[in-house]
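[1] My questions are about this predicted structure, shown below with the sequence.
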Amino acid sequence: MLGLLFASGGPDIMVGRATTMGVQQTAVSKSLVPPTKWSYLKLVLWSAAISFVALVAYVRVVMTSPPPVSSLPVKIYFAVAPLVFMFLGS
């Protein structure tokens, strides 16, 4: 870096070198950053975990309920869940 300095003693030449690096960000700009996307593996693992918990809860209700019990909730869940997780992944 080369610069000129003008002062009361007359003009002078300054030579120097500077390296700067960094990020300056306000709290508002940090809060406005879009969320990071999940990896597909994480999405599949979470969907499997949620599906397993839902299935266990449904089986538990079926085992403690007197017959007849409808399988409609399970059919609806397995029809809608893949669409929801595909929407979340995009």
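    Yep, it's here.
[2] Would you mind measuring from the residue nearest to the spatial centre of the chain to residue 51?
    Central residue of the chain (C-alpha atoms, centre = their mean): residue 36, 3.5 Å from the mean position. Relative to residue 51, residue 36 is positioned 24 Å away (C-beta to C-beta, to the nearest Å). For the C-beta atoms, the positions are set from N, CA and C on the backbone; glycine is no exception.
[3] and the residue nearest to the centre of the chain, helix, strand or coil?
    Here residue 36 is coil, with the state taken from DSSP: H, G, I helix; E, B strand; the rest coil.
[4] Quick check: phi and psi at it.
    When read as degrees, to the nearest 10, the backbone of residue 36 gives phi -80, psi 150.
[5] Okay, and residue 66 sits in which element?
    Here residue 66 sits in a region with no helix or strand, counting by DSSP states H and E.
[6] tally of neighbours for it?
    5 (other C-beta atoms under 10 Å).
[7] For the helix or strand containing residue 75, list every residue counted as buried.
    Assessed by DSSP H and E, residue 75 sits inside helix 72-89. Judged by neighbour count using 16 or more other C-beta atoms under 10 Å, the buried positions of helix 72-89 are 77, 85.
[8] what is the orientation angle of the lengthiest helix in the chain with helix 72-89?
    The residue-count maximum for a helix in the chain (DSSP state H) belongs to helix 40-64. Orientation of helix 40-64 against helix 72-89 (axes from the mean of the first three to the mean of the last three C-alpha atoms, to 10 degrees) gives an angle of 170 degrees.
[9] Check which residues of helix 40-64 are buried.
    With the criterion 16+ other C-beta under 10 Å, helix 40-64 contains buried residues residue 47.
[10] quick one: contacts for residue 47?
    Taking C-beta atoms under 8 Å, 6 or more residues apart in numbering, we find residue 47 in contact with 81, 85.
[11] can you pull the pLDDT of it?
    What the model reports for residue 47 is a pLDDT of 85.
[12] Compute the distance between it and residue 33, please.
    26 Å.
[13] coming back round to it: now the helix holding residue 75, how far from the chain's geometric center?
    When distances are taken as C-alpha atoms, centre = their mean, to the nearest Å, helix 72-89 is centred 21 Å away from the chain's centroid.
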